[in-house]
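S.K.: Sequence and predicted structure below; questions after.
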Amino acid sequence: MASLTSFTMPLVSRVRAPALSSSSSARLSVHRRSAAVSVVAAIGAGSKIKVSKDIMVYHIPKTKGAEINLNGFEGEVMEVIEKTAAGVPLSANLPIKVRLSGEVLDKGVLSFIAHLEDHEVTEL
């Protein structure tokens with residue numbers, strides 16, 4: 001029987017080198033990445049925020065997958081994801097990691113983590 005390590009590929013082979021051509025798609029992806037980082041930079045770790053859009057989530061503990069609308073919840077930014085651990089620029093879909101707390105259904109005040117975009121929150 002083969003071991004699990006014989007089926008895994010080395011991490012280096014999964015990473016693609018950037019294209020050397022100056023195609024418009026390569027320029028566009030770099031432009032999008034730099035624009036996303038600069039917009040999110042306005043909100044930093046430790047900032048107090050309030051969710052300003054209707055966002056439905058299903059992952060809140062003790063609610064058994066019930067649909068919860070985050071509009072009006074307040075919390076604190078834990079991290080703004082801009083780079084990987086190796087320092088490579090990263091364009092995360094939901095770059096703002098927030099710890100929210102509030103009254104959830106009939107369960108009382110619960111604290112949980114959500115990943116949001118910059119246009120979904122307002123800084124307090």
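M.R.: Arrived safely.
S.K.: where are the low-confidence patches of the protein?
M.R.: 1-41 (pLDDT under 70).
S.K.: What segments of it are helices?
M.R.: 11-14, 24-40 (DSSP state H).
S.K.: what sits against the residue nearest to residue 55 when sequence neighbours are not counted?
M.R.: Distances taken as Cβ to Cβ, 6 or more residues apart in numbering put residue 70 closest to residue 55, at 4.4 Å, once the chain neighbours are dropped. In short, each C-beta sits where N, CA and C put it, glycine included. Residue 70 is in contact with 51, 54, 55, 56, 57, 100, 114, counting by Cβ atoms under 8 Å, 6 or more residues apart in numbering.
S.K.: cool, and residue 45?
M.R.: 77, 78, 79, 80.
S.K.: what's the answer for residue 69, then?
M.R.: 54, 55, 56.
S.K.: What is the neighbour count of the first one?
M.R.: In this case it means residue 54. When counting by other Cβ atoms under 10 Å, one arrives at 10 neighbours for residue 54.
S.K.: Wait, it touches residue 71, no?
M.R.: Yes. Judged on Cβ atoms under 8 Å, residue 54 makes contact with residue 71 at a distance of 4.9 Å.
S.K.: Residue 123 versus the nearest residue to residue 92 once chain neighbours are set aside, what's the distance?
M.R.: Excluding its sequence neighbours, the residue lying closest to residue 92 (Cβ to Cβ, 6+ apart) is residue 81, at 4.4 Å. Going from residue 81 to residue 123 by Cβ to Cβ, to the nearest Å gives 17 Å.
S.K.: now do residue 103
M.R.: 22 Å.
S.K.: again with residue 51
M.R.: Applying Cβ to Cβ, the value for residue 51 to residue 123 is 12 Å.
S.K.: Can you pick out the residue with more neighbours from those two?
M.R.: Shown here are residue 51 and residue 123; by other Cβ under 10 Å, residue 51 has more neighbours (21 against 12).
S.K.: Beta-bridge partners for that one, please?
M.R.: The partner list for residue 51 in beta bridges (DSSP bridges) reads residue 121.
S.K.: Filter the contacts of residue 45 down to the ones in strands?
M.R.: Counting by DSSP state E, these place 77, 78, 79, 80 in strands.
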